[in-house]
Every structure is written in structure tokens, then in C-alpha cells.
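Undergrad: My questions are about this predicted structure, shown below with the sequence.
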Amino acid sequence: DIQMTQSPSSLSTSVGDRVTITCRASQSISNFLNWYQQKTGKAPKLLIYAASSLQSGVPSRFSGSGSGTDFTLTISSLQPEDFATYYCQQSYSTPWAFGQGTKVEIK
Amino acid sequence: QLQLQESGPGLVKPSETLSLTCTVSGGFISSSGSYWGWIRQPPGKGLEWIGSIYYSGTTYYNPSLKSRVTISVDTSKNQFSLRLSSVTAADTAVYYCARPDSSNWGNFDYWGQGTLVTVSS
């Protein structure tokens, strides 16, 4: 099974900051990597699929990059509504696996 | 707009079977090429894929749960269901039903609101 590892597990940041979250797969997954945003008490929301494709309706301040084993989610200028937990997930082979999450908190 | 809604008991006793149903509205569960999935999240923890079912009935399970999981589809009711047997406290979680997008059946773009199931006597 493929394991997904995110870093950091949490970060404190301010509105307007640039935020970068990394995700590493235990083996190559090409570009089969998704990013989700989850707010407290809500279901996850798909932000980015295929490593760098923005899901419809997602603001352009979100971007993704990477291939193989190393991936990055970047928020170019953090907005108040972006404080949430972010998960990566591989969709290369079953069992689909998620990272442990990165909680983005207000400094 | 596709909508998914989980339903089922919020409390299950240890060693019993957890049963949940996901009702789909705004679309047909039997649409060609459609997969449907279950994902869970223990309180304060991360997400775990439980399994998925193809509209024709073919199932795919997480090996970590495979011996206890059954996912089925009822096209007449536009529903799919999850059964998890021999539950323990470790199965306490919010259970989500979800549908992947058409590009990859591992990309979950529609989710239910989730339902908390507590395993306790």
C-alpha cells in the first residue's frame, strides 16, 4: 500500500501570507495526487486534482505542483476563509490513501 | 446539483454490525461509469477510504477492513449502503459517502455531510 506523509502537521500564519504544504508518497504515483480542504464539522472539499488541476470554482490563489513522490500545495495569499485542515490523497492505486493532514491556524 | 445524504443509527454496540445508507439526489446512481464510495474519519483524526462500488455492483475494499465490510447498491431507491461487522470502539467515526469525478474514480468531488457513528455499550 502507498503511504502519504504531509508536512508540517500544523502551521500558524497570517492573512496575506504565502503558505506551502508538502506531501510525499512512499512510491511514485505519477501525478495522481489530490488536495482537499476541510473546515471544522464539514465534509472535505476537493481543491486540486491530478497534482495541479484546479477544481471548478476554487480560487486561483490555490495551486499545486509536483510529480512522482513529492508534491506541494501553495496558497499565494491566505484569506480568512482558508483557515482549515488540508489533506493530500493519492488516486494512483487502491487502497486510496490520505495524508495525516495539515492544520492552518491563525497566528 | 448532485447531493448525497447519509442515514443510519448514530449508536452501535460493540460486536454488532454498523449499517449506513447513502441516498443520492440530483442524479442517477446507475449512470454509466459511476462509482460511489465510503470514507470515514475518527474524531480528531484523518481520513480513511473504506471502499467503493461501481454502478454495476463491482466492489473495491480497503484491505484493512475487507473482512468486515460490505458495500451494496440499490438502483431502485437510488441508494448505496455500507455494512461493517464486528465493530469496536476503533470504528467510532464520522462516516461520509462520496462520489468521484469522471476523470478518476479516486477523486472525490461530491460528499455527503457525514454522520457520526459511536460504538459503545
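TA: Structure's in. What do you need? All figures in this text were calculated on a predicted structure; none of them were measured in a lab.
Undergrad: what's the burial count for the closest residue to residue B:62 other than its chain neighbours?
TA: Distance criterion Cβ to Cβ, 6 or more residues apart in numbering or on different chains; nearest residue to residue B:62, sequence neighbours excluded, is residue A:95 at 4.3 Å. For every residue, glycine as well, the C-beta is placed using N, CA and C. Per other Cβ atoms under 10 Å in any protein chain shown, the neighbour tally for residue A:95 reads 20.
Undergrad: Doesn't residue A:95 lie inside a helix?
TA: No - the assignment for residue A:95, made by DSSP: H, G, I helix; E, B strand; the rest coil, is coil rather than a helix.
Undergrad: and it, backbone torsions?
TA: Backbone torsions of residue A:95, given as degrees, to the nearest 10, read phi -80, psi 130.
Undergrad: Please apply the same query to residue B:91.
TA: phi -90, psi 0.
Undergrad: tell me which element residue A:103 is part of?
TA: strand A:102-106 (DSSP states H and E).
Undergrad: can you tell if that strand touches chain B?
TA: No - against chain B, strand A:102-106 shows no contacts by Cβ under 8 Å from any Cβ of the partner chain, the least distance being 10.6 Å.
Undergrad: Centre-most residue in the chain?
TA: Let's take chain A. Centroid-nearest residue in chain A, with Cα atoms, centre = their mean: residue A:35, separated by 3.8 Å.
Undergrad: looking at chain B here, not the other one
TA: With Cα atoms, centre = their mean applied to chain B, the nearest residue to centre is residue B:38, 2.7 Å.
Undergrad: Am I right that that residue is in a strand?
TA: Yes - assessed by three-state DSSP, residue B:38 belongs to a strand.
Undergrad: That one and chain A, how far apart?
TA: Per Cβ to the nearest Cβ, to the nearest Å, residue B:38 is found 11 Å from chain A.
Undergrad: on that earlier part again, what's the first helix or strand after the helix or strand where the residue nearest to the centre of chain A lies?
TA: Assigned by DSSP H and E, residue A:35 belongs to strand A:33-38. Downstream of strand A:33-38, the first helix or strand assigned by DSSP H and E is strand A:45-49.
Undergrad: all strands of chain B, in order?
TA: For chain B, the strands defined by DSSP state E cover B:3-7, B:11-12, B:18-25, B:35-41, B:48-54, B:59-61, B:69-74, B:79-84, B:93-100, B:108-111, B:115-119.
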